[in-house]
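*Asks:* Here is my input; please provide its structure:
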Amino acid sequence: MSVCNGDDPRVHDIKTKIRVIPDFPKPGIMFQDITTLLVDAKAFKNTIDLFIERYKSKNISVVAGIEARGFIFGPPIALAIGAKFVPLRKPRKLPGEVISEEYVLEYGRDCLEMHVGAVEPERAGAEVVECACVIELPDLKGRERLKGKPLYILVEAH
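*Replies:* Residues are numbered from 1 along each chain as shown. Next up is the predicted model:
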């Protein structure tokens with residue numbers, strides 16, 4: 001696991017722009033609201049720039065973004081590093097033939113889909129360079145579900 005350089009003042013600024021909303025969408029949840037980050041042009045740009053700086057020299061050909069936050073951050077990063085963007089959508093949102101992957105949630109199961117052919121080869125030989133996220137929510141134990149894949153985070157929720 002890799003955490004962004006905490007000495008970078010941009011990281012502190014990004015963290016201060018993420019609003020925490022208690023008991024949303026249900027009691028006991030401390031919702032990490034990024035809309036307050038997105039409306040701050042400097043903080044939003046810094047977020048994108050930190051990812052671009054990390055990935056621009058890694059020869060990445062595809063950036064995949066998970067619905068819905070990944071659709072906000074993934075495309076500008078992909079464009080800046082010269083990669084294509086592949087959306088990973090919830091079931092029945094993509095037309096045509098899809099490949100699906102089911103996963104376990106805190107209270108149930110869900111699934112993500114992408115178009116067949118969006119990434120070649122699929123399920124055999126594609127190399128995940130790194131999983132990246134703006135905010136890690138340690139209580140959800142997402143890193144354990146990555147099964148050892150490298151992880152890069154900008155800020156950790158407390």
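
*Asks:* Report the rounded mean pLDDT for the helix or strand Ile14 falls within.
*Replies:* Using DSSP states H and E, the element containing Ile14 is helix 9-17. Average pLDDT, helix 9-17: 96.

*Asks:* same check, this time on stretch 145-156
*Replies:* Rounded mean pLDDT across stretch 145-156 is 90.

*Asks:* try stretch 43-63
*Replies:* Mean predicted confidence for stretch 43-63 is 97.

*Asks:* Now Arg143: phi and psi?
*Replies:* phi -60, psi -30 (degrees, to the nearest 10).

*Asks:* what comes up buried for the helix holding Ile14?
*Replies:* Residues 10-11, 14-15, 17 are the ones in helix 9-17 that count as buried (16 or more other Cβ atoms under 10 Å). All C-beta atoms are positioned from the backbone trio N, CA, C, and that covers glycine.

*Asks:* mind listing the strands in this protein by residue range?
*Replies:* Taking DSSP state E as the criterion, the chain contains strands spanning 2-3, 19-22, 30-33, 62-66, 84-88, 98-105, 108-115, 131-136, 151-156.

*Asks:* Export only the CA atoms of the fifth one, formatted as PDB.
*Replies:* Pointing back at strand 84-88 there. Backbone C-alpha positions of strand 84-88 (Å, rounded to 0.1, in the frame of the first residue of the first chain) are rendered in PDB as follows:
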ATOM      1  CA  LYS A  84      -8.200   5.300 -22.800                       C
ATOM      2  CA  PHE A  85     -10.900   5.400 -20.100                       C
ATOM      3  CA  VAL A  86     -13.100   2.400 -19.400                       C
ATOM      4  CA  PRO A  87     -16.200   2.900 -17.300                       C
ATOM      5  CA  LEU A  88     -17.000   0.100 -14.800                       C
END
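
*Asks:* partners of that strand, with directions?
*Replies:* As defined by DSSP bridges, the strand partners of strand 84-88 come to strand 62-66 (parallel).

*Asks:* Next, the angle from the strand it pairs with to strand 108-115.
*Replies:* 140 degrees (axes from the mean of the first three to the mean of the last three Cα atoms, to 10 degrees).

*Asks:* Outside of strand 62-66 itself, list whatever touches it.
*Replies:* 70-75, 77-78, 81, 83-88, 112, 114, 118-119 (Cβ atoms under 8 Å, 6 or more residues apart in numbering).

*Asks:* Repeat the analysis, applying 6 Å as the threshold.
*Replies:* 71, 74, 77-78, 83-88, 119 (Cβ atoms under 6 Å, 6 or more residues apart in numbering).
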